[in-house]
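Participant: what shape does this take:
(2 chains)
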Amino acid sequence: MRLKIRHETSYVYGTPATRAIQILRLTPRGHDSQFVVNWRIDVDQDCRLDASRDPFGNAVQSFTVEGPLDGLTIVAEGVVETQDNSGIVHGQAERLPLPVYLRDTPLTRASPGIRALAEQASAAAGPDTLPILYAIMNGIRDRLDFIVNVTDSGTTAIDAFSHGHGVCQDFSHIFIAAARHIGLPARYVSGYLFHTEMLDGQAAGHAWAEVLVDDLGWVAFDPANGIAATDSYVRVAVGLDYLGAAPIRGTRYGGADETMEVKIMVNETARAG
Amino acid sequence: MLSRTADTLFWLGRYVERADNTARIIDAANRLATVPDSLAGETSEWEPALAAAGVLSGYTEHHDEVDRDPAIDYLAFSPDNFSSIKNCLGTARNNARAVRTALTAEMWEAINEAWQELKRYDGARMDRQTLNTFLSRVKEACLRFDGSAYRTMLRHDAYWFLRLGFYLERADSTARILDVKYHVLLPEDAQVGGGLDYFQWTSILRSVSALTAYRWVYHESLKPWLIADLLVLNAKMPRSLASCYENLATFLDHLSLAYGRQGPAQRQARSTMTRLQNAQISEIFQNKGLHEFLTEFIDENARLGETISKQYLT
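Facilitator: From the prediction side, this is the model:
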């Protein structure tokens, strides 16, 4: 599938900021079933983007803008060609020893409830890893409702699980916590999802998880939708949790009344094949 | 476009690139052969040169021993060697004539004039001076053809097929040049040899015109694993494997957009490109070793040639 993506993030400062620093994980890298045809990042202020790689192998850009600033807009856009590989990710940049992905973080710590869910799924689904992971996914979907604007980016897996609702980020955190609890290395993925009913300018990217499965390697699961990733998924960054893979992290000096607006468009484009 | 025309353009690109690469290999071997024996020991530069050009087995069918003069003759002039520079240019010129209307006047003149001039040379009376002139002329002719295509050709399928030929051939050549010398390209923690190795490394870089590029990129003395890094993984280096595959993926993508469909060639080129982009040279040395990595790459590259051929050229 050939997808054209545009991701615009705008900040408006009620009182001008004197300086802003941003770290972007907005550039997808290729793997066997993902080919980045072209990609660019534009910032509407004069600045220098410093490109680097983080320890997870993500492409990172960072910049500092000197104020006074009453606003800042960052646009990432490009074309990515994807293929359906049943969620299996091969040929990606792999930089860290695999046991690193067993580490829990404040956002992905497991509560007794999450552990119980993982253990039940593991007991019920038999020896193979894939059915266990599907059972965990279904268990999470039974327990949680997908409701936007109630949780935020700081909500932990434990909180979302006990409240019984969340967004893709919360589903993924719980799923990762459960997988790690039964000894499977798991990581958080941020990226884009194309779906036909999508409204232009939706306000959020998508998030899912990858789990290391014997014989298959990393397999991507979308716990919010209960499926393995398809060619509608564009993988941008991975991390131990949301904070490690967040598209934009930053801070500003001075200024007040910050409002942020995100517009994302994912469209299918001139189809080849 | 007829698949026959596409095929002719593809091979036109390959032969011009091959002539250029062989000229560079001879040039580098010739320089290395001037290193005094006291430093080099009893080594022959011409066996690796024949292997890098991929014609060692053909050579041994015609000659019992590897020596400078017959080796140069076989690489550059011999009618028995399908890939000799003279044969490459002759075939390229015939291909160009067959698809004359798909080329621009500048391209045709470049290849035709090169052939008219260079066919007069033969291996019999080759002193060092004449050989150097010949090799420079070959490189200039290839540059001129390449530059004419770049500057004058319409960017459509004819251009893309020509470019695919160039980059596929170039990737093969760089991989072979490295593979022939893999035993002097050792990972970071290995014992580094003496003065001869230094000449060998320089020679590798010279044969892909990368000696100056190396200094720009790394700002340090020659280190074998960095040479491998430059020629395998550095996409900014035009003869590196990574760069060749970025180009192959791009031109195959143009073709798929223009024709409205894609196939195994696109997928295969992308997959190899991605692996090169995501790899690290230390991993390559650790996991398989450079030799095995390059052998696999050369096979994979040849398979891509077959895939392109099946998908577009037959």
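Participant: from the stretch 51-200 of chain A, which residue is nearest to chain B?
Facilitator: Ranked by CB to the nearest CB, the top residue of the stretch 51-200 of chain A for proximity to chain B is residue A:93, at 3.9 Å. (C-beta placed from N, C-alpha, C; glycine too.)
Participant: so the closest residue in space to that residue that isn't next to it in sequence, which of the three states?
Facilitator: Counting by CB to CB, 6 or more residues apart in numbering or on different chains, residue A:93 lies nearest to residue A:57, which is 3.4 Å off, once chain neighbours are set aside. With DSSP: H, G, I helix; E, B strand; the rest coil as the basis, residue A:57 sits in coil.
Participant: point out the residues in the stretch 1-150 of chain A that sit beside chain B.
Facilitator: A:29-32, A:34-35, A:37, A:57, A:81, A:83, A:91-95 (CB under 8 Å from any CB of the partner chain).
Participant: what residues does the stretch 201-314 of chain B have near chain A?
Facilitator: B:249, B:253, B:256-257, B:259-263, B:266-267, B:270-271, B:273-275, B:277-278, B:280.
Participant: which members of those are positioned in helices?
Facilitator: B:249, B:253, B:256-257, B:259, B:266-267, B:270-271, B:273-275, B:277-278 (DSSP state H).
Participant: need the residues you listed in JSON lines with pLDDT, neighbour count and distance to residue B:310, can you?
Facilitator: Converted to JSON lines, those look like this (pLDDT from 0 to 100; neighbours: other CB atoms under 10 Å in any protein chain shown; distance: CB to CB, whole Å):
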{"residue": "B:249", "pLDDT": "95", "neighbour count": "27", "distance to residue B:310": "18"}
{"residue": "B:253", "pLDDT": "93", "neighbour count": "22", "distance to residue B:310": "18"}
{"residue": "B:256", "pLDDT": "91", "neighbour count": "21", "distance to residue B:310": "15"}
{"residue": "B:257", "pLDDT": "89", "neighbour count": "16", "distance to residue B:310": "20"}
{"residue": "B:259", "pLDDT": "90", "neighbour count": "14", "distance to residue B:310": "15"}
{"residue": "B:266", "pLDDT": "93", "neighbour count": "24", "distance to residue B:310": "13"}
{"residue": "B:267", "pLDDT": "91", "neighbour count": "19", "distance to residue B:310": "13"}
{"residue": "B:270", "pLDDT": "92", "neighbour count": "27", "distance to residue B:310": "17"}
{"residue": "B:271", "pLDDT": "91", "neighbour count": "22", "distance to residue B:310": "17"}
{"residue": "B:273", "pLDDT": "93", "neighbour count": "25", "distance to residue B:310": "20"}
{"residue": "B:274", "pLDDT": "92", "neighbour count": "24", "distance to residue B:310": "22"}
{"residue": "B:275", "pLDDT": "91", "neighbour count": "21", "distance to residue B:310": "22"}
{"residue": "B:277", "pLDDT": "91", "neighbour count": "19", "distance to residue B:310": "26"}
{"residue": "B:278", "pLDDT": "90", "neighbour count": "19", "distance to residue B:310": "27"}
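Participant: which two among those residues are spaced furthest apart?
Facilitator: B:259 and B:278 (28.5 Å; CB to CB).
Participant: what secondary structure does residue 137 sit in?
Facilitator: Unless you meant another one, I'm taking chain A. Per three-state DSSP, residue A:137 ends up helix.
Participant: need the contact list for it.
Facilitator: A:175, A:221, A:223, A:226 (CB atoms under 8 Å, 6 or more residues apart in numbering or on different chains).
Participant: picking that back up, PyMOL command to pick out the buried ones of the residues of the stretch 1-150 of chain A next to chain B?
Facilitator: Those of these that count as buried under 16 or more other CB atoms under 10 Å in any protein chain shown are selected in PyMOL with:
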select buried, chain A and resi 29+30+31+32+34+35+37+57+81+83+91+92+93+94
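Participant: tell me the one of the residues of the stretch 1-150 of chain A next to chain B nearest residue B:160?
Facilitator: Of these, the one sitting nearest to residue B:160 (CB to CB) turns out to be residue A:37, at 15.0 Å.
Participant: look up phi and psi at the residue nearest to residue A:93.
Facilitator: phi 90, psi 0 (degrees, to the nearest 10).
Participant: again, but for the one 5 residues further on
Facilitator: In terms of degrees, to the nearest 10, the main-chain angles of residue A:62 are phi -130, psi 150.
Participant: which strand or helix spans the closest residue in space to it that isn't next to it in sequence?
Facilitator: Excluding its sequence neighbours, the residue lying closest to residue A:62 (CB to CB, 6+ apart) is residue A:23, at 4.6 Å. Applying DSSP states H and E as the criterion places residue A:23 in strand A:2-27.
Participant: so after that strand, what's the next helix or strand?
Facilitator: By DSSP H and E, the next helix or strand past strand A:2-27 is strand A:34-43.
Participant: so, low pLDDT: which residues of the stretch 101-250 of chain A?
Facilitator: A:197-203 (pLDDT under 70).
Participant: burial of residue B:302, as a residue count?
Facilitator: When neighbours are defined as other CB atoms under 10 Å in any protein chain shown, residue B:302 has 12 of them.
Participant: so it makes contact with residue B:172?
Facilitator: Yes. Counting by CB atoms under 8 Å, residue B:302 touches residue B:172, with 7.3 Å between them.
Participant: contacts only, for residue B:308.
Facilitator: Contacts of residue B:308 (CB under 8 Å, 6+ apart): B:10, B:164, B:168, B:252, B:265.
Participant: for it, give me phi and psi.
Facilitator: Dihedral pair for residue B:308: phi -60, psi -40, per degrees, to the nearest 10.
Participant: which pLDDT value goes with it?
Facilitator: Residue B:308 carries a pLDDT score of 96 in this model.
Participant: would it be right to say that residue A:66 lies in a strand?
Facilitator: Yes. Under three-state DSSP, residue A:66 falls within a strand.
Participant: what's the burial count for it?
Facilitator: 13.
Participant: residue B:86 contacts residue B:117, correct?
Facilitator: No. Residue B:86 lies out of contact with residue B:117 (CB under 8 Å); the separation is 11.7 Å.
Participant: give me the beta-bridge partners of the residue nearest in space to the middle of chain A?
Facilitator: Chain A has residue A:190 as the residue nearest its centroid, 1.5 Å off, counting by CA atoms, centre = their mean. Residues in a beta bridge with residue A:190, per DSSP bridges, are residue A:207, residue A:237.
Participant: looks like it contacts residue A:25 (just checking).
Facilitator: Yes. Using CB under 8 Å, residue A:190 is in contact with residue A:25, at 7.1 Å.
Participant: give me the common contacts of these two.
Facilitator: By CB under 8 Å, 6+ apart, the residues touching both residue A:190 and residue A:25 are A:236-237, A:245-247.
Participant: coming back round to it: can you pull the pLDDT of the residue of the stretch 51-200 of chain A closest to chain B?
Facilitator: 88.
Participant: where does it land in three-state SS?
Facilitator: Residue A:93 - assigned by three-state DSSP - is coil.
Participant: domains for the chain, by residue range?
Facilitator: No chain in the question, so chain A it is. A:2-81+A:248-268, A:84-244 (automatic domain parsing).
Participant: other chain: chain B
Facilitator: Taken from automatic domain parsing, chain B resolves into B:1-153, B:154-314.
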